[in-house]
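# Structure, please.
(chains A and B)
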Amino acid sequence: MTDIDLEVSALLVERRVIDWKPYLAGAGIGVLSWVVFAVVAAPIGITTAMSQVAGGIASLFMGGDAVAQNAYWKVHSFKLDYGTLFLVGTFLGALASALASRTFHVEIVPGVWQERFGVSPTRRMIAALAGGALVMYGARMAGGCTSGNGISQGLQLAVVGWTFLAVMFPVGVLTAWMLFGLRAPR
Amino acid sequence: MFPVAGNFALLLAVVFGAAFGWLLHRGRVTDYDTIINQFRLRDFTVLKVMVTAIVVGGIGVFVLVQLGGAQLHVRDANMLGTIAGAAIFGVGMVLYGYCPGTGLAAVGTGSVHALVGVLGMLIGAIAYALSFDWVRDNVLSVWKLGPMTLSDVTGLPPVAILFALAVAAVGAFGALEWSDLERA
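Here you go, the predicted structure:
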């Protein structure tokens, strides 16, 4: 082998370094699923509990009676139960990880959004507010979110989970295409 | 002994939730740009995390069920609601840049717009509860399949489907890591 060959192969090897972090984190979530199925019989999920919290907040301005009469909140009433405390944990765990890795930073307008829509915080906040409302409404109608439906139902091979993934992902790609363009400059 | 209930389960909720939030951050899916670039097909971090979680989780849970250590919790497939809801979710996720779990976790990493989106989620949840009677009667009632699984649909045992899924995932991600798709 000549020196040039060696340099070329070294380049190829360097380009093919695999970043294992996403796979490890995914495997970790898989193992966490074993634990929660076995120990608490409660698959990972977010939006059922968030609906309960929303009911608690709604009772502050709609009145407790109106919320108690609601057919949805009758079944999902606000209480500090396993699901709502899991939400508290999710927030605290990400906070701890961000602090431990010294990556905690206040982000108001993220990079990719800024490239496309500029630095205006108002624009970004309106999109986040509207997007958050749609995500939640859609998740409740679909029977769960990416975690509760996609991962927790998906790993059980449930039709509901795989249907959710098969529709949500292409619609998201199409939306991203319309919002950002497929070949927008980086 | 299992499943655990009562106050100890409430403590475990915080512990398991924290493990979930920690893993989401370590997998970089609490990052807006990472999620948006998945939908722009430039960065496949989100699919790597999700599919690995499904394959690893699925194999372990089915082993646990076989050993009698766990039960399945398959939800009903109300197909019209799932399809319509997933479509609304897909649009919302790209506008927001997060899903509910990663958005909540992102608040912990300092994302202010993620926090605004959490307020949006609470508004969305209230809107859903207020429209629930109509949705239940007109959407959730259409094309109900019950707690159906891919095993019921295909007639294949879960083990075979999980094995095929694992092989497909290793193949697809292997090809992805070999290609220049994420470096373009």
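
# Can you name the residue of chain A nearest to chain B?
Closest residue of chain A to chain B, CB to the nearest CB: residue A:89 (2.1 Å). Where C-beta positions appear, they are placed from N, C-alpha and C, glycine not excepted.

# Then that residue would be within a strand, right?
No. Going by DSSP: H, G, I helix; E, B strand; the rest coil, the assignment for residue A:89 is helix, not a strand.

# For it, list the residues it contacts.
B:13-21 (CB atoms under 8 Å, 6 or more residues apart in numbering or on different chains).

# swap the cut-off to 7 Å and go again
Residue A:89 makes contact with B:13-18, B:21, according to CB atoms under 7 Å, 6 or more residues apart in numbering or on different chains.

# low-scoring stretches of the chain, by residue?
Here I'm looking at chain A. A:1-16, A:182-186 (pLDDT under 70).

# my bad, chain B
B:183-184.

# mind listing the helices for it?
In chain B, helices defined by DSSP state H lie at B:7-26, B:32-39, B:45-67, B:79-96, B:100-108, B:112-130, B:132-135, B:150-154, B:158-178, listed in chain order.

# got it, and chain A?
Counting by DSSP H, the helices of chain A are A:3-15, A:21-39, A:47-62, A:64-69, A:71-75, A:82-100, A:111-117, A:121-142, A:159-180.

# how much distance is there from the fourth one to the middle of the chain?
Which is helix A:64-69. Offset of helix A:64-69 from its chain centre (CA atoms, centre = their mean, to the nearest Å): 30 Å.

# Dump the C-alpha coordinates for that helix into CSV.
Listed in CSV are the C-alpha atoms of helix A:64-69, where the atom choice follows Å, rounded to 0.1, in the frame of the first residue of the first chain:
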residue,chain,number,x,y,z
GLY,A,64,-64.9,22.6,39.9
ASP,A,65,-68.5,21.6,39.2
ALA,A,66,-68.3,22.2,35.4
VAL,A,67,-65.1,20.1,35.3
ALA,A,68,-66.5,17.3,37.4
GLN,A,69,-69.5,17.2,35.0
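
# what about it and chain B, touching?
No. Using CB under 7 Å from any CB of the partner chain, helix A:64-69 stays clear of chain B, coming no nearer than 8.1 Å.

# ok, now the shortest one?
Yes. Helix A:71-75 lies within reach of chain B by CB under 7 Å from any CB, at A:71-73.

# Buried subset of the contacts of residue A:89, written for ChimeraX?
Only the buried members of these enter the following ChimeraX selection, criterion being 16 or more other CB atoms under 10 Å in any protein chain shown:
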select /B:13,14,16,17,18,21
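
# Among the contacts of residue A:89, pick out the one closest to residue A:175, please.
Closest approach to residue A:175 among those (CB to CB): residue B:21, at 26.1 Å.

# show me the contacts for that closest one.
A:89-94, A:97, B:105, B:108.

# Name the nearest residue to it, ignoring sequence neighbours.
Counting by CB to CB, 6 or more residues apart in numbering or on different chains, residue B:21 lies nearest to residue A:93, which is 2.8 Å off, once chain neighbours are set aside.

# Could you list which residues are in contact with the residue positioned nearest the centre of chain B?
By CA atoms, centre = their mean, chain B has its centre lying nearest to residue B:50, at 7.1 Å. Under the criterion of CB under 7 Å, 6+ apart, the contact list for residue B:50 reads A:26, A:150-151.

# residues contacting the residue in chain B positioned nearest to chain A?
Nearest residue of chain B to chain A (CB to the nearest CB) works out as residue B:17 at 2.1 Å. The contact partners of residue B:17, taken as CB under 7 Å, 6+ apart, are A:85-90, A:93.

# right, and residue A:123 touches residue A:113 too?
No. Counting by CB atoms under 7 Å, residue A:123 stays clear of residue A:113, with 8.4 Å between them.

# Count the neighbours of residue 79 for me.
This is for chain A. By the criterion of other CB atoms under 10 Å in any protein chain shown, residue A:79 has 13 neighbours.

# not what I meant, chain B
17.

# Residue B:145 is in contact with that one, correct?
Yes. Taking CB under 7 Å as the definition, residue B:79 is a contact partner of residue B:145 at 6.1 Å.

# can you list residues touching both of the two?
Counting by CB under 7 Å, 6+ apart, residue B:79 and residue B:145 have no contacts in common.

# burial of residue 110, as a residue count?
All of this is about chain A. When neighbours are counted by other CB under 10 Å, residue A:110 registers 21.

# think we crossed wires, I meant chain B
Using other CB under 10 Å, the number of residues around residue B:110 comes to 19.

# And residue B:166, by the same measure?
Close neighbours of residue B:166, defined as other CB under 10 Å, add up to 17.

# so what's the residue most central in space within chain A closest to, chain neighbours aside?
Chain A has residue A:146 as the residue nearest its centroid, 6.2 Å off, counting by CA atoms, centre = their mean. Counting by CB to CB, 6+ apart, residue A:146 lies nearest to residue B:99, which is 4.0 Å off, once chain neighbours are set aside.
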